[in-house]
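Enquirer: below are the sequence and a predicted model for it; my questions follow.
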Amino acid sequence: MPDEAVAEQVDRRVVLDLDRCIECKSCMAACYYGHGQMAGVQFVDIGPAVLPVVCRQCSDPACVEVCPAEAMIRDERGVVARSVIGCRGCGSCVRACPFGVLTLEMVGHQVAKCDLCEDRLERGLEPRCVAVCPTRALRFATAEEVEAEGLTVLGGRIAGDHPIRRR
Amino acid sequence: MSSPEGAALATEPAARCLMCSVGCPVRATRVGPDQYAPDYVPHAGYAGLCGRGSVLVELLDHPDRLRRARRGSGDGTRTVSVEDAARAMAEALRGADSPVVVADGSLDLDTLAAVGRFARDAGARWTAYVPPGDAGLVHGLDASDASPVGPEALADADALLVIGDVFAAQPVAAHWIFRARDAHPRMPRLVVAGGDTATAKFATARVEPPLETGGFAAVLAAVRTGRTDGLPADAAVLAGWKDQLASAERPAIVVTAELGYADGRALADQAAALAAETGAKLCPLTAGGNAWGAMRAASAEGGACPAEVLRPGADAVLAVGCDLLSAYGSAIGGSALDGATEILYVGPMANRTAARASLFLPAAFTFETAGRAMLGPGRLVDFAPLMAPPAGVPSVARILDMVGAAGGEPADVSAPCEAPAMPEVVGGGAEECKGVVVAPASDAVQYDDGSVTGRARWPQAVRPRPVLGLAPADAEAVGVSEGHTAVLSGPGGSAEVDVSIRPGQRAGQAWVSRGFAAVRDAFGWSWDGRRPGGPVCMEVHQS
């Protein structure tokens, strides 16, 4: 069942191995062309590196709390998603996001938002950004895999205290 | 998780992205009345298509597609049938005293060969456009004894020398390079590339070449001989590189042609020699996916070098799928068009050459047709159409049929190029520069001259303007900071650029995104020693 397939996978997050990212922006392009020409993956320049960031799918998301249109929701499966119809493009969620993964760039008066490529999860496939990454810098991994391999949930490294480094 | 959707397609003829010589399989799905989404076919164990390649599907039904043939110019244009336009095109060429034909090198091999036969029948000089650096690399390696390999062969390398910004020019090639690194985490990764490029960041040792004609080749010569005379002091890092390669079990050299024809040619000579001396596999990667095939097809069908074809004096110019003004810059492309009484254009999208045309015919993109491409020596591939072209839009091959060109014969690309002679470099070494020596840089977003990616929305949203990578000292001297807009003034004009400060870059030299027509114009390229693609002395001003 599609919902079950998604539910099994929402404990996974899109994570980045900074040591493998070549800044090619393939992930951003795949997201853009896969989501009606709105990119949920954004790139930020933090000086030592330019890296992709994407929604962390928080368990208690601030973006949901502040959305005046109730367009931002966290569904029963744990996916934080933005209603295409309900979003007014006010930008409240952008300001509320503690990880800076939503951007002020609005296309069609909407905020671009990662939905983990639900249409692909339903078919047992990885999100597009992960599927296209030529170096496997992006992974779709569980918390245990993140911990074991020292990977970083996208967005976390910017707000967290992990040093930027390359091996 | 996996990407099982691709497994079933693995044995089918695939549509191919030819925007670099990796040649990724690609497919598209219609997701709206005028919208397609790319999907990705697993390819040699991975799924991947870079951002640049993704734009192909957006162009399939682009609102700017040419759909009707038109004749005339300015307000006086009128729609004509494709058949009438094709007939008029042939008559214009055959009736001209000095006709020329320039065909885009991304056309499939057999269509390119047919263009060549048509040009010869019409008494026209002809050439195939491939990026100048690619042309030099192909000619140089075809003239050598090297046996180049494809990027897949890099996966088992245990020592790598990478020349050029491969991760920007051919991002998907990184897949095999990283597989090699996974297997040999401590492998030497020696990089010759611009400062702070993505490729250079993954180096265990790197050197930035001096930006002068033959600068890359000079660095490789120093690797071979151990002599760094004439190179900047930091070239001392090159000592021992050759031994690191020679002592590895499976060393590999990856070379992508940066800069111009002379640079590519000289680089090929040195890379082939170094590969032979160290026993390394040599993997050349070109910006144009079919560059190798185009150069060989042109060689086999009597194509001349662009300098010969684009000299002033032509009275009828036919451009097939390429924009002469953007590809070679206005200095060369413009002078070729200025004296022509008939400018004819066949292609999928309008461009600056089409805007000056007195007759144009719509044609399918190469990726909307089936055909063959040569990604490199021994890398001949068949490809299927990604999607049908818009209704009523013929392929170039069909247009050639209409004009009675001899078709149906497969191109013979088995023999190495017998390179058409290029003019000798005049004054090609280091020059006294009071500004900054600027070279055109590969870009992971904008492709080549930008005439393809410039039509797609995503590259325009991400990289709407060229980026100038400046060393901190140069930026300070000019008075610009990160993200500032600056004006780059060169011998052919000026371009507005966004400034990016690059601490790892050598002072006095800079790189600017080459996928913009204004940038190529600013270079003011000519054939007298600053062939298209070569570095040029420019000035940077505050906007």
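Expert: Alright, I've got the coordinates.

Enquirer: partners of the nearest residue to B:Phe202 once chain neighbours are set aside in the sheet?
Expert: Excluding the flanking residues, the one nearest B:Phe202 by CB to CB, 6 or more residues apart in numbering or on different chains is B:Arg189, at 6.2 Å. Using the backbone N, CA and C atoms, a C-beta is placed for each residue, glycine as well. Residues in a beta bridge with B:Arg189, per DSSP bridges, are B:Leu160.

Enquirer: please tell me the pLDDT value assigned to B:Arg189.
Expert: pLDDT, B:Arg189: 95.

Enquirer: residues contacting the closest residue to A:Arg128 other than its chain neighbours?
Expert: Counting by CB to CB, 6+ apart, A:Ala30 is the residue found nearest to A:Arg128 once chain neighbours are left out, at 4.0 Å. Contact analysis of A:Ala30 by CB atoms under 8 Å, 6 or more residues apart in numbering or on different chains lists A:128-129, A:131-132, B:38, B:40, B:49, B:51, B:54.

Enquirer: pull the most distant pair out of those.
Expert: A:Ala131 and B:Gly51 (13.6 Å; CB to CB).

Enquirer: hmm, A:Val146 is touching A:Val15, no?
Expert: Yes. With contact defined as CB atoms under 8 Å, A:Val146 reaches A:Val15; the gap is 5.5 Å.

Enquirer: near chain A, which residues of the stretch 51-200 of chain B show up?
Expert: B:51-52, B:54-55, B:57-58, B:167-168, B:171-175, B:178, B:185, B:198-199 (CB under 8 Å from any CB of the partner chain).

Enquirer: select only the buried ones of those residues in PyMOL?
Expert: Entered in PyMOL, the line below selects the buried ones among these, by 16 or more other CB atoms under 10 Å in any protein chain shown:
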select buried, chain B and resi 51+52+54+55+57+58+167+168+171+172+173+174+175+178+198+199
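
Enquirer: among the residues of the stretch 51-200 of chain B next to chain A, which are located in helices?
Expert: The helices, defined by DSSP state H, take in B:51-52, B:54, B:57-58, B:167-168, B:174-175, B:178, B:198-199 from those.

Enquirer: how does chain B divide into domains?
Expert: Domains of chain B are assigned by automatic domain parsing as B:4-59, B:69-131+B:291-402, B:135-285, B:436-542.

Enquirer: going by mean pLDDT, which of those comes out lowest?
Expert: domain B:4-59 - the lowest mean pLDDT of the domains of chain B, at a mean of 72.

Enquirer: the nearest residue to B:Ser81 once chain neighbours are set aside and chain A: what is the separation?
Expert: Using CB to CB, 6+ apart and skipping residues adjacent in sequence, the residue nearest B:Ser81 is B:Ala69, 6.6 Å away. Separation of B:Ala69 from chain A (CB to the nearest CB, to the nearest Å): 30 Å.

Enquirer: ok, B:Ala69 - contacts?
Expert: Contact partners of B:Ala69, counting by CB under 8 Å, 6+ apart, are B:79-82, B:84-86, B:359-362.

Enquirer: mind listing the residues bridging to it?
Expert: Beta-bridge pairing for B:Ala69 (DSSP bridges): B:Val80.

Enquirer: before we move on, what about B:Ala439?
Expert: The partner residues for B:Ala439, given DSSP bridges, come to B:Trp511.

Enquirer: could I get the contacts of B:Ala69 as JSON lines with neighbour count, distance to B:Ala122 and secondary structure?
Expert: Output for the contacts of B:Ala69, formatted as JSON lines (neighbours: other CB atoms under 10 Å in any protein chain shown; distance: CB to CB, whole Å; DSSP: H, G, I helix; E, B strand; the rest coil):
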{"residue": "B:Thr79", "neighbour count": "12", "distance to B:Ala122": "25", "secondary structure": "strand"}
{"residue": "B:Val80", "neighbour count": "18", "distance to B:Ala122": "20", "secondary structure": "strand"}
{"residue": "B:Ser81", "neighbour count": "11", "distance to B:Ala122": "21", "secondary structure": "coil"}
{"residue": "B:Val82", "neighbour count": "18", "distance to B:Ala122": "19", "secondary structure": "helix"}
{"residue": "B:Asp84", "neighbour count": "15", "distance to B:Ala122": "18", "secondary structure": "helix"}
{"residue": "B:Ala85", "neighbour count": "24", "distance to B:Ala122": "16", "secondary structure": "helix"}
{"residue": "B:Ala86", "neighbour count": "24", "distance to B:Ala122": "13", "secondary structure": "helix"}
{"residue": "B:Leu359", "neighbour count": "24", "distance to B:Ala122": "15", "secondary structure": "strand"}
{"residue": "B:Phe360", "neighbour count": "26", "distance to B:Ala122": "18", "secondary structure": "strand"}
{"residue": "B:Leu361", "neighbour count": "29", "distance to B:Ala122": "15", "secondary structure": "strand"}
{"residue": "B:Pro362", "neighbour count": "24", "distance to B:Ala122": "21", "secondary structure": "strand"}
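
Enquirer: which one of the residues you listed is nearest A:Ala71?
Expert: Using CB to CB, B:Pro362 comes nearest to A:Ala71 of the contacts of B:Ala69, at 42.2 Å.
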